[in-house]
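Undergrad: what's the 3D shape of this:
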Amino acid sequence: MLNISSNSIKHLDDLNNYKSFVILRSKIKRKTLLKIMCILLFLLIIILFFPWTQNIRSNGNVTALKPNQRPQTIHSIIAGRIEKWYVQEGQFVKQGDTIIRISEVKEEYLDPNLIERTQEQLKAKESTVKSYMEKVKANDNQIDALINSEILKLEQGKNKLKQASLKVQSDSIGFVAAKLNMSIALEQLKRMQELYEKGLKSLTDFETRKLKLQETQAKLLSQENDLLTSKNELINAKIEIQSIAADYQDKISKSEADKFSTLSTMYDAEASVTKLQNLISNYAIRSGMYYILAPQDGYITEAIVSGIGETLKEGAEIISIMPASFDLAVEMYVYAIDIPLLEKNQKVRILFDGWPSIVFSGWPGISYGTFGGKIVAIDNFVSENGKYRVLVAPDAEELAWPNEIRLGAGANTITLLKNVPVWYELWRKINAFPPDYYKKTESAFTTTKK
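TA: All right, here's what the predicted structure looks like:
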């Protein structure tokens with residue numbers, strides 16, 4: 001006994017009757033125990049200098065590496081009523097297989113001949129568009145005829161204008177000649193009067209000269225009247241040309257207005273045609289949505305709705321499907337303080353739930369039942385659980401993951417960091433220091449063999 005307490009028990013019983021106390025009191029046995037303790041202490045000191053791999057432990061679950069390989073729900077794009085089921089839960093389906101058939105519930109689509117009737121409306125509108133096109137062509141022909149007629153009328157008016165202009169010139173020359181004849185006749189009458197007064201000419205000659213003067217005056221007045229008439233005709237010819245241009249411009253403008261009005265109506269009809277074509281296409285596509293098909297090869301996992309005659313809303317979930325082929329991955333969740341320690345392609349050891357394993361987190365080399373992985377993605381935003389999601393894919397250099405693992409299974413991950421001595425790791429744990437942060441960097445200088 002160690003005799004630490006002052007209360008002795010020697011008087012209660014003879015300790016020699018107990019084999020354990022006899023062995024402990026033996027000096028030889030004491031030396032053996034001391035040797036064993038020294039050996040254990042020596043081994044403990046050696047172990048303290050063993051390399052220890054720092055790590056981050058976290059929980060996660062098995063998922064698919066690609067989004068299209070994860071379980072998904074199939075929705076109904078349109079509202080409808082369930083008419084027939086073609087699958088059952090657990091059944092394997094191929095891409096394009098019919099899962100369920102629904103019928104129409106909206107009143108605007110209940111007509112069984114909806115597409116045919118809409119096509120008839122489309123034909124009528126197309127005929128209307130053709131009629132408007134013919135009317136536009138007729139307006140174009142009418143405008144062309146008016147333009148040609150205007151050209152001819154203007155040419156005719158210009159000819160009249162030219163004729164009137166030449167007639168004015170001719171009458172002007174005749175008027176000048178008549179004025180000259182008048183002045184000559186006056187001079188001749190004056191000389192005849194002088195000769196008559198001198199008795200050199202008879203009264204008959206003098207009266208004949210007066211008559212000649214009157215005839216010359218009459219011709220002058222007639223020529224002046226012709227000149228004024230020619231000038232009026234010239235002015236009328238100019239007015240007629242302007243009138244022709246204005247009249248035909250008014251007719252052409254009316255024809256063009258009629259044409260543009262027809263074009264506007266035709267464009268509205270073409271818009272109606274396009275709208276009807278769109279409706280026919282939508283009706284055809286909608287009729288194909290009555291059969292809900294499998295988007296990819298997979299297994300039917302759960303029917304969210306059931307029965308016959310149940311009404312579905314637009315976008316309602318109908319059934320869930322698990323893809324037949326997928327690449328396994330593990331999504332683990334780590335605290336924000338550990339995010340700076342992680343990077344892509346970093347090594348991770350994984351323990352799957354239900355898979356036998358013996359784990360030494362600091363010595364991954366002697367662990368059994370763990371599988372290798374590499375970090376392929378790190379979220380930049382915190383998840384709902386307050387941690388950051390990290391996606392881990394299988395490591396091609398390690399043992400392949402078991403085929404028995406299914407999506408959704410639990411997993412514990414060990415993210416491997418820096419190698420340090422065991423005593424350093426214990427000291428870090430006692431002081432609550434974070435693991436060492438480091439990244440592998442290439443050396444600035446490289447050596448080459450000659």
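
Undergrad: quick one: the strands in the stretch 201-350 of the chain?
TA: Counting by DSSP state E, counting those that start in this stretch, the stretch 201-350 of the chain has strands at residues 291-293, 298-303, 311-312, 317-323, 328-334, 347-352.

Undergrad: For these, give me JSON lines that also has distance to residue 89 and mean neighbour count.
TA: To be clear about C-beta, it is placed using only N, CA and C from the backbone, and glycine gets the same treatment. As requested, those are exported to JSON lines (distance: least, C-beta to C-beta, whole Å; neighbours: other C-beta atoms under 10 Å):
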{"stretch": "strand 291-293", "distance to residue 89": "16", "mean neighbour count": "17"}
{"stretch": "strand 298-303", "distance to residue 89": "5", "mean neighbour count": "17"}
{"stretch": "strand 311-312", "distance to residue 89": "18", "mean neighbour count": "16"}
{"stretch": "strand 317-323", "distance to residue 89": "9", "mean neighbour count": "19"}
{"stretch": "strand 328-334", "distance to residue 89": "23", "mean neighbour count": "22"}
{"stretch": "strand 347-352", "distance to residue 89": "26", "mean neighbour count": "23"}
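
Undergrad: Tell me which of those sits nearest to residue 46.
TA: Closest to residue 46 of these is strand 347-352 (C-beta to C-beta; 24.9 Å).

Undergrad: Just checking: what are the partner strands of the closest one?
TA: Sheet pairing of strand 347-352 (DSSP bridges) gives strand 371-378 (antiparallel), strand 410-421 (antiparallel).

Undergrad: Show the subsequent helix or strand relative to the first one.
TA: Proceeding N to C from strand 371-378, the next assigned helix or strand is strand 388-394, under DSSP states H and E.

Undergrad: And the average pLDDT for that next one is what?
TA: Average pLDDT, strand 388-394: 91.

Undergrad: OK, contacts around residue 168?
TA: Counting by C-beta atoms under 8 Å, 6 or more residues apart in numbering, residue 168 touches 227, 230-231, 233-234.

Undergrad: 10 Å instead?
TA: Shown in contact with residue 168 (C-beta atoms under 10 Å, 6 or more residues apart in numbering): 226-235.

Undergrad: closest to residue 219 out of the strands of the stretch 201-350 of the chain?
TA: Set against residue 219 and scored by C-beta to C-beta, the strands of the stretch 201-350 of the chain come closest in strand 291-293, at 108.6 Å.

Undergrad: show me what contacts the nearest residue to residue 302 once chain neighbours are set aside?
TA: Closest residue to residue 302 apart from its sequence neighbours, by C-beta to C-beta, 6 or more residues apart in numbering: residue 320 at 4.8 Å. By C-beta under 10 Å, 6+ apart, the contact list for residue 320 reads 71-74, 89, 298-304.

Undergrad: separation between residue 320 and residue 306?
TA: Separation of residue 320 from residue 306 (C-beta to C-beta, to the nearest Å) stands at 13 Å.

Undergrad: List the residues that are in contact with both of the two.
TA: residue 89.

Undergrad: hmm, back to that, any chance of the strands of the stretch 201-350 of the chain in a markdown table with distance to residue 396 as columns?
TA: Converted to a markdown table, those look like this (distance: least, C-beta to C-beta, whole Å):
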| stretch | distance to residue 396 |
| --- | --- |
| strand 291-293 | 35 |
| strand 298-303 | 26 |
| strand 311-312 | 45 |
| strand 317-323 | 22 |
| strand 328-334 | 13 |
| strand 347-352 | 12 |
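
Undergrad: In TSV, list those along with mean pLDDT.
TA: TSV is the format used below for the strands of the stretch 201-350 of the chain (pLDDT from 0 to 100):
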stretch	mean pLDDT
strand 291-293	90
strand 298-303	89
strand 311-312	87
strand 317-323	90
strand 328-334	90
strand 347-352	84
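
Undergrad: Can you pull out the low-pLDDT segments for the stretch 301-450 of the chain?
TA: Counting by pLDDT under 70, the stretch 301-450 of the chain shows low-confidence ranges at 356-369, 418-420, 425, 428-429, 431-450.
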